[in-house]
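Asker: predicted model, plus sequence, below.
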Amino acid sequence: MPSPASENQPGSANTDAQKRDQLLEFIKVGSESTDFGYSVAEMATKFQGVLGTAEIRKLLGELSDDGLVYDAG
């Protein structure tokens, strides 16, 4: 049986991955609608403590480069 310390590590990483997936899913669903935009401030608030503003900007920037989203301000 794994020690509690080794159990916490993957669980914590899994939570971060789940939050990233939620953010990407939110963006993907929105990008399928017309005139979808995002606000980095709104995303930072929604995913505070899991994704930093810089990381959110990076993820959104990658999608923006692909033409999936645009910055709503």
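Answerer: Good, I have the coordinates.
Asker: confirm that R57 sits in a helix.
Answerer: Yes. Checked against DSSP: H, G, I helix; E, B strand; the rest coil, R57 lies within a helix.
Asker: so that it lines up with my notes, have the first residue be 52 from now on.
Answerer: OK, 52 is where the count begins now, so the last one is R108.
Asker: for burial, what's the neighbour tally of it?
Answerer: 16 (other Cβ atoms under 10 Å). (Each C-beta comes from the backbone N, C-alpha and C, glycine too.)
Asker: so where's the protein uncertain?
Answerer: 52-65, 78-91, 113-124 (pLDDT under 70).
Asker: 50 - rerun?
Answerer: Where the chain drops to pLDDT under 50, the residues are 52-60, 124.
Asker: which stretch of helix or strand covers Q73?
Answerer: helix 55-82 (DSSP states H and E).
Asker: sorry, wrong one. I was asking about L102.
Answerer: Applying DSSP H and E, one finds L102 in no helix or strand.
Asker: same question, the one 10 residues further on
Answerer: Element membership of G112, judged by DSSP H and E, is helix 104-116.
Asker: next one: K70 from A95, what distance?
Answerer: Here K70 is placed at a distance of 12 Å from A95 (Cβ to Cβ, to the nearest Å).
Asker: what touches both of the two?
Answerer: Contact criterion Cβ atoms under 8 Å, 6 or more residues apart in numbering; residues bridging K70 and A95 by contacting each: L102.
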